[in-house]
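**Q** give the three-dimensional model of this entry:
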Amino acid sequence: MRLRRVLFALLILAGLGAGAAWVLRPPVVTTATVARGPVAEVVYATGVVEPLRWAKVVPMQRKRVVELCQCEGESVVKGQVLARQDDGEEQATLKELEARRFHVERDYKRMSSLLDRGTITPQAFDQIATQLKEVEARILAQKERLESLVLRSPMDGIVLRRDGQVGEIAGQTEVLFWVGQPKPLRVVAEVNEEDIPRVESGQKVLLRNEGFPAGGLVGAVAEITPKGDPVAKTFRTYLELPEDSPLRIGMTVEANVVVREKADVLLVPAEAVAGGTVYVVDGEQVRPVPVEVGVRGTRLVEVRGAVQEGFRVLSPARPDLRAGARVRTR
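**A** Numbering: from 1, shown residues only. The predicted structure follows:
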């Protein structure tokens, strides 16, 4: 009986020891290696590719389209007719005004001769003269209204796109044509207002589009709109593209404006730095090392201090571990 009690006590002590060893075992951590390489600090933006010179052709009046050129992709000159809208009502009004002018002009000539003979007063003659001027002004305005129903090219260029069909009713909210020069191209990007102070003209821009997975798309900051959008909290930024850029008009791109870059520095993952410190693993022990952070890339950051290439550091950092704490790496 006594032996059993001793064995039972030993078993309990062994279990407690194993449990303590399990609880007190070193934590498992992940590490990254300090490496040397290039790093760039970028400002992210999104944008759309468009020509440097282009314009929309929009109807001035809401009318039915009766004629639409089949000229998408073709060259046009300034003033060339692209479309016409129904002007039947306006033509009828013009004929009515011209008929009225005919009668007013006849009365004007008759009263002019009467004025010369002194049979009417100058006031009566001025009245008919005023009527004639009013009719002529209305005819001029009606002709301008008729002209507004003819859609013409606003510039020399190419019809980049044509929308709408004959028979549809189009107004000022419908764009029927995009006309412009296919080259040079640019990107109109929106940059968040908190990032815009770091963006300057001439900075290199790395572009990304799903249609070109190999990358290699570049541009440069050309201009920043002075006034931002207080609702979207963005600033419009124009990025110029090289002449041989494969991007096409209307494509959307992700833009990374390079604000700072270095070619050969020590790098660690951004998550490996906490409070200006990295945690170096020596054997199985942790050693906190203060560092100075330089250029911050999207994933990697430059570090300067008592670290060397090849050091292993905790990633993510573990500020809760004391100097000399034992760890198990994974």
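
**Q** next up, the contacts around Phe212.
**A** Under the criterion of CB atoms under 8 Å, 6 or more residues apart in numbering, the contact list for Phe212 reads 246-247. Every residue, glycine included, has its C-beta placed from N, CA and C.

**Q** kindly recompute the last result at 6 Å.
**A** Shown in contact with Phe212 (CB atoms under 6 Å, 6 or more residues apart in numbering): no residues.

**Q** gap between Asp87 and Pro197?
**A** Spatial separation of Asp87 from Pro197 under the definition CB to CB, to the nearest Å is 53 Å.

**Q** more crowded one of the two?
**A** The neighbour count for Asp87 versus Pro197, taken as other CB atoms under 10 Å, is higher for Asp87 (19 against 10).

**Q** just checking, Val289 is part of a helix?
**A** No - Val289 is assigned strand when assessed by DSSP: H, G, I helix; E, B strand; the rest coil, not a helix.

**Q** give me the neighbour count for Val159.
**A** As a burial measure, Val159 scores 21 neighbours (other CB under 10 Å).

**Q** could you say which helix or strand holds it?
**A** Taking DSSP states H and E as the definition, one finds Val159 inside strand 157-162.

**Q** Leu97 now?
**A** Using DSSP H and E, the element containing Leu97 is helix 88-117.

**Q** and that helix, what's buried?
**A** 90, 93-94, 97, 100-101, 104, 111, 115 (16 or more other CB atoms under 10 Å).

**Q** and these as CSV, adding pLDDT and distance to Thr30?
**A** Formatted as CSV, the entries for the buried residues of helix 88-117 read as follows, by pLDDT from 0 to 100; distance: CB to CB, whole Å:
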residue, pLDDT, distance to Thr30
Glu90, 94, 76
Thr93, 95, 81
Leu94, 96, 82
Leu97, 95, 85
Arg100, 95, 90
Arg101, 94, 90
Val104, 93, 94
Met111, 89, 103
Leu115, 84, 105
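
**Q** so Arg162 makes contact with Gly73?
**A** No - taking contacts as CB atoms under 6 Å, Arg162 lies outside contact range of Gly73: 8.8 Å.

**Q** please say which of the two ends up with more neighbours.
**A** Using other CB under 10 Å as the criterion, Arg162 and Gly73 rank with Arg162 on top: 21 against 11.

**Q** give me the neighbour count for the closest residue to the more buried one other than its chain neighbours.
**A** If you skip the residues right next to it in sequence, Arg162 has Glu72 as its closest partner in space, 4.3 Å away by CB to CB, 6 or more residues apart in numbering. The tally of other residues near Glu72 (other CB under 10 Å) stands at 13.

**Q** can you tell me which of the buried residues of helix 88-117 comes closest to Pro154?
**A** Using CB to CB, Glu90 is the member of the buried residues of helix 88-117 that sits closest to Pro154, with 21.9 Å.
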